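1. Could you look at this predicted model? Sequence included:
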Amino acid sequence: MADLEYFKLSKPQKMLRGIGSFFARIPQGIVNGLKKLAQLVVSLFKGLGANIADLFTTFKNGDWKTRLSYLVMGFGSCARGQWGRGILFFLFQTVFNVYMFMPNAEFSGCYYLGKLSTLGTVETYKQGRKTVYGDNSFFILLYGVLTIFFIIAFIYTWRVNIKQNKINEQLLKSGHKLKTAKDDLDSLRDEQFHKTMLALPTLGVTVFTILPIFFMILVAFTNFDATHQPPGKLFTWVGWDNFNQLLAMDSASYGDTFRHVLLWTLIWAFFATFLNYFLGMLVAIMINKKGIKLKKMWRTILVMTIAIPQFVSLLYVSKMFAADGLVNTYLMKWGWISSPLPFWTDPVWARVTIIVINVWIGIPYLMLIATGILMNIPADLYESARIDGANAFQMYRKITLPYMLFVTGPYLLTSFTGNINNFNVIFLLSGGKPLSLDLAGGAGHTDLLITWLYKMTVNDTNYKLAAVIGILVFVVTAVINLIVYNMIPSVKNEEDFQ
Amino acid sequence: MAACGGNWIRGSGRKEKKHMASVTLEHVKKIYDKNVVAVHDFNLEIKDKEFVVFVGPSGCGKSTTLRMIAGLEDISDGILKIDDRVVNDVEPKDRDIAMVFQNYALYPHITVYENLAFSLRLRKMDKEEIHRRVIQAADILGITEYLGRKPKALSGGQRQRVAIGRAIVRNAKVFLMDEPLSNLDAKLRNQMRAEIILLRKRVNTTFVYVTHDQTEAMTLGDRIVVMKDGYIQQVGTPQEVFDTPVNLFVAGFIGSPQMNFLKAHLTKEGSGYAVELLGAKIPLNEDQNQVLAKKGFGSKDIILGVRPEHTTVLFDNTQNAIECTIDVNEMMGSELHLHLSSKNGDRIIVRLPTVDLTKEQRSSLAYGNKLYITFPAKVVHLFDPETEASLING
Amino acid sequence: MSEKNKIPEVDIVIDQEAGVIREVKPDKLRSKKGHERRVNTSIYVTLVLMSIIWLAPFVFLVFQSFRSYLTESGGMVNYLLPKQWSLDNYTWLLTDPSSDFLRWYGNTLIIALFCSVLQTFMVLSVSYALSRLRFKGRKLIMNVVLVLGMFPGFLTMIILYFLLRQLGLTQDGAVPGLILIYVASSGMGYYISKGFFDTIPKSLDESARIDGATRSQVFRLIIMPLAKPIVIYTILMAFMAPWGDYVFASYVAFGSKPNYNVAVGLYQWVNVNDYQGYFTRFCAGGVLVAVPVTVLFLALQKYYVEGVTGGAVKG
């Protein structure tokens, strides 16, 4: 874009160009993001294809030990003297088989897999005074998912088993020795140290995050809600019904509510992020200015407010602005108003109040971050600007602001997506109120998608819609991340700054 | 501290095994993912106790090759042998090497003594033995009084010595040094260069040294490996590389100020050759004629290279001299570096000692004045303009 | 900036004809200093106002915590300072048998202690592995965590609640259940620690490895001693978090009052119970919670600042 004519343009023309190119880059951001996704998918398939091809070649070229390992995992390892590994593989295979094909139909993997498509057909009913338990949809779904995970793990382990056979066979052929069990244990402290470090955390994340998320994604396609609660009742697959309900374009209940809540969520996230950002930066610059004394004291005062647990601050402040709270009673006492201000009862007031209080919460953090960065801007940039004749505002615009934006660009993005999910501030301040009859599912005018999700879960036990909202939050966040990441200059123009 | 054969740090009285420490690289390549080739087909045999220097501009692959020898980078292809043992897949700690890093990499949270002792403690060596070795190394390097300090209390030069000390105590077979002098100021650098030469005499093992500074390479190395863009350009002793560079790059890289490159024409006249440029004609000597004839060169355009120190400056126009105008006159003390331009606009640098100049000669060396240069055939280097290869060497 | 380095505040005029450089003190000089003084004053005023506004709610909180629920009103009134300063609220919180406050406090303290240790262990392991070790799935793991982080955290609670109930870790077992939930996925919060580890030069690792250390030894002997600031930061963060968690704690301990944490308990008082009676006691509880946490935070402030600015600067 080294268009020499550009230098001739006047200031406003350059600004217009800048704005224009910003918006022009959005579609490019989308396109790049989609391209990357497509590349990802393609490379996944390629990887898969390569793996399958490799399975065939290994079988063709392998010796009898390798070939038998296709059936009996661990055979090749044992046959080649790696008893430790061999036994582990075999044990895993046995456990898997036992689980899948257990004779007692109640708990086998196949049982659950079978029921997965219907999520249970036999209802629980009462025979006289006895309750005869039928299918439990929840457990079917849960264990069905677990079984699928287990199957995937098994396939993966089986694949590793084959690969090891291939590698070991070739190693032996070329005259090398195979790793003994002691070697394996030793390498866990060295080459494989990353496995040692990551084992527990990965387990934790898999069981407590990946599994539940996967499960909830599936729930979004069922009708698991207050009227379909196991063990009393069954629930079953309903396909895209829930999504249709939530994304309906007509102005009836859920679809409309969803759009309202989504809009407010985005507006809130925008203000919460950028207002705090610029104001925090301003405060940091003010405190950091030459000639201001007691810098440490000002910073400590503000930083103290971070220390106090947010729920104490938020709950208290929420009460401060209540109809009978401190603010209203004193304003009335002093005669400034005659009736309480509707901080929490009027939708617009509530939204503004929340944003303002969030500024109060957020400025100390941003001030800290901004201060840290400000201190790192080389002083000679400012000195040379002063010699060139710049005033304070110009220096801010031309040096401070671009530097800050560059360094904190990614932070802004994470902050924005974090605010989309900022449960505490909304919930503790306003509880999502004021409620409205126009909004379905118990949503209020200050509810974010995530607080709405919470209400649906806790108050209505409407798990299916909660799951759908969760997925939609993910989609919104992912889309924003994808687009912006492919747009921000900070990733591209690093050298400009150094 | 005299060196006794193979052992240079005495053990607890017993003589240590004499070991040979050759390093051999056969067709070694380094390819990063996305097919970026950092090192192409590197072949080199480093003999036991040889001091080899890898030299070249940034990004030429010298550090990458060193790190492959160290085991800090995987070898994409080829074989690396230390002492005739293939070590491609051997962990660095088992290769019996020691390394000095550009930024010293001293452990900041422990004292100098502990820094030196670190590797020995890991090997569970006897405390007395550790102490003996550390004291000896500190002695050799003159850092005994700093043993109780932490690295941040030391100057750059002192830290560097500790880094070298850490390598000495190990009694390793191969000493690797990755641009150890680059972080020092010019004066310190000269000093340390001399100290490394002394160190080499005391320690007497195989050294592989990486630098981008050709002066370091020339003064320190038994042999120099000149690299560019991942390829070895030339391997030879400093004298060989200086006198007989095999291509334009090596000729220009080695020697300061840089060799002058001028467009010229090689003419074949009967059984002999001559070089024509800028109105002068220089017939080549016997040896040159022989080589050129054997290689079957006819008349062609060439690039002629001649070093500034090999040109003769004349104040009057004599036959076969090249007329130039003076652009810049740099006073270096005992000599002048004159930047000249020829009639064609070629830039030529010449070195002129000042001690024998008369006053008129000195005052005639002003901007814009004319000067004449000649040079004998034996200092002339001939390069092919397209391949950049030397016509005579290599 | 020392006096010597200040650029002299005079105007310089170059008189080319006379070949002379003259110093001139323009009239503008005086107003420039005045301008600066005015700017600074307005900054000071702003800062003082800000300090008042920021600290005010807490000061009020403390005031209202001294307004006895017995003798005066325990709910919302239209004056700020108590007519009579009394410690009744505090006494009730700490001694009255119908107050579960001490239990809640204890619960939260236990959770915080366990979390600070276990979470630090998890987070540091992950950040170290991702920062300094090179292995095949590294980029994949980072991307997966990024994607997982885009799902709202609460979503997982629904099923985890059932899972925990099977194991008896809800209601009466809420405390160990909460610890498990907090710790299990804590590895995902590696970002800031990783940023810190990235700043340690890799040549230290390499030098140690050449010296003969296994990667495990490098971790223990070289890197960990240098990681003190980030370890303290992580412990601090892990310790402070449980004190303010309402969402997970309320869900897991649902209905079992003695097993609430302070956040849930105090929330109940303000929003669910008759807060007209409990408000001042909430204030007192808030003070009791805020004071130790704040003191701890201020003592370790340095590390917090390092962590926040380090992580954000890296981006």
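-> Looks like it came in fine.
2. And the strands in the chain?
-> I went with chain A, as the question did not name one. Ranges of strands in chain A, per DSSP state E, are A:125-127, A:130-132.
3. To clarify, I was referring to chain C.
-> Under DSSP E, chain C gives strands at C:11-15, C:20-24.
4. What is the neighbour count of residue 43?
-> Using chain A here. A:S43 has 10 neighbouring residues, counting by other C-beta atoms under 10 Å in any protein chain shown. Just so you know, the C-beta spots here come from the backbone N, C-alpha and C atoms, and that holds for glycine as well.
5. To clarify, I was referring to chain C.
-> 18.
6. same deal with A:T57?
-> Count around A:T57 with other C-beta under 10 Å applied: 10.
7. what separates it from chain C, distance-wise?
-> 21 Å (C-beta to the nearest C-beta, to the nearest Å).
8. quick one, what contacts that residue?
-> Contact analysis of A:T57 by C-beta atoms under 8 Å, 6 or more residues apart in numbering or on different chains lists nothing.
9. Model confidence at it, what's the number?
-> Note on A:T57: pLDDT of 79.
10. check contacts around the closest residue to C:S207 other than its chain neighbours.
-> Spatial nearest neighbour of C:S207, chain neighbours left out: B:A105 (3.9 Å); criterion: C-beta to C-beta, 6 or more residues apart in numbering or on different chains. Going by C-beta under 8 Å, 6+ apart, B:A105 touches B:163, C:201, C:203-204, C:206-207.
11. Mark which of these are buried, thanks.
-> B:163, C:203-204, C:206-207 (16 or more other C-beta atoms under 10 Å in any protein chain shown).
12. on that earlier part again, go through the contacts of B:A105 and name the one nearest B:N289.
-> Closest approach between the contacts of B:A105 and B:N289, by C-beta to C-beta: B:A163, at 52.0 Å.
13. Tell me which helix or strand the closest one sits in.
-> helix B:156-168 (DSSP states H and E).
14. For that helix, which outside residues touch it?
-> In contact with helix B:156-168 (C-beta under 8 Å, 6+ apart) are residues B:9, B:98-101, B:104-106, B:112, B:115-116, B:118-119, B:137-138, B:140-143, B:146, B:151, B:154, B:175, B:180-181, B:183-185, B:188, B:191-192, B:199, B:203, C:207, C:211.
15. The helix or strand just after that helix - what's its average pLDDT?
-> Using DSSP H and E, the helix or strand that follows helix B:156-168 towards the C-terminus is strand B:174-178. Throughout strand B:174-178, pLDDT has a mean value of 93.
16. where does strand B:174-178 sit relative to the chain's centre, distance-wise?
-> 14 Å (C-alpha atoms, centre = their mean, to the nearest Å).
17. do stretch A:74-90 as well
-> For stretch A:74-90, the distance to the chain centre is 40 Å (C-alpha atoms, centre = their mean).
18. buried residues in it?
-> A:74-80, A:82, A:85-86, A:88-90.
19. So out of everything in chain B, what residue is nearest chain A?
-> Residue nearest to chain A within chain B: B:E91 (7.0 Å; C-beta to the nearest C-beta).
20. isn't that residue right up against A:D190?
-> Yes. Counting by C-beta atoms under 8 Å, A:D190 is a contact partner of B:E91 at 7.0 Å.
21. picking that back up, ok, so of the buried ones among the contacts of B:A105, who is nearest chain A?
-> Closest to chain A, out of all of the buried ones among the contacts of B:A105 and judged by C-beta to the nearest C-beta, is C:E206, at 14.1 Å.
22. what residues are up against the nearest residue to the closest one once chain neighbours are set aside?
-> Nearest residue to C:E206, sequence neighbours excluded (C-beta to C-beta, 6+ apart): B:L72, at 5.2 Å. Counting by C-beta under 8 Å, 6+ apart, B:L72 touches B:92, C:206, C:209-210.
23. Show me what from chain B comes close to chain C.
-> Within chain B, the positions near chain C by C-beta under 8 Å from any C-beta of the partner chain are B:70-72, B:91-93, B:97-99, B:101-103, B:105, B:107-109, B:118-119, B:122-123, B:166, B:170.
24. Can you give me the distance of C:M237 to A:F270?
-> 27 Å (C-beta to C-beta, to the nearest Å).
25. one step back: show me which of the buried residues of stretch A:74-90 is closest to C:Y233.
-> For those, the nearest to C:Y233 is A:L88 (38.8 Å; C-beta to C-beta).
26. That closest one and chain B, how far apart?
-> Taking C-beta to the nearest C-beta, one finds A:L88 at 24 Å from chain B.
27. Report pLDDT for that residue.
-> pLDDT, A:L88: 82.
28. List the residues that contact it.
-> Contacts of A:L88 by C-beta under 8 Å, 6+ apart are A:G74.
29. ok, now with 6 Å
-> Shown in contact with A:L88 (C-beta atoms under 6 Å, 6 or more residues apart in numbering or on different chains): no residues.
30. how about low-confidence regions in chain B?
-> Within chain B, the set of residues satisfying pLDDT under 70 comprises B:1-19, B:394.
31. where does chain C come near chain B, residue by residue?
-> Within chain C, the positions lying close to chain B (C-beta under 6 Å from any C-beta of the partner chain) are C:203-204, C:206-207, C:209-213, C:222, C:225-226.
32. Just the residues you listed: which are in helices?
-> The helices, defined by DSSP state H, take in C:203-204, C:206-207, C:209-211, C:225-226 from the residues of chain C next to chain B.
33. Save the residues you listed as CSV, and put in pLDDT and distance to A:V303 too.
-> Output for those, formatted as CSV (pLDDT from 0 to 100; distance: C-beta to C-beta, whole Å):
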residue, pLDDT, distance to A:V303
C:S203, 89, 35
C:L204, 90, 32
C:E206, 91, 38
C:S207, 91, 38
C:R209, 90, 40
C:I210, 90, 43
C:D211, 89, 42
C:P225, 89, 28
C:L226, 88, 26
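34. Tell me which helix or strand the residue nearest to C:E206 sits in.
-> Short version, using DSSP H and E: B:L72 is in no helix or strand.
35. count of neighbours near A:D388?
-> Residues near A:D388, counting by other C-beta under 10 Å: 10.
36. Selection in ChimeraX covering whichever of the contacts of helix B:156-168 are buried, please.
-> Buried residues among the contacts of helix B:156-168 (16+ other C-beta under 10 Å), as a ChimeraX selection:
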select /B:9,98,99,100,101,104,105,106,112,115,116,118,119,137,138,140,141,143,146,151,154,175,180,181,183,184,192,199,203 /C:207,211
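37. Give me the subset of the contacts of helix B:156-168 that lies in strands.
-> Short answer: these in strands (DSSP E) are B:98-100, B:175.
38. what sits against A:N242?
-> A:220, A:464, A:468.
39. For the residues you listed, pick the one with the most neighbours.
-> Neighbour counts for the contacts of A:N242, by other C-beta under 10 Å, peak at A:V468, which reaches 28 neighbours.
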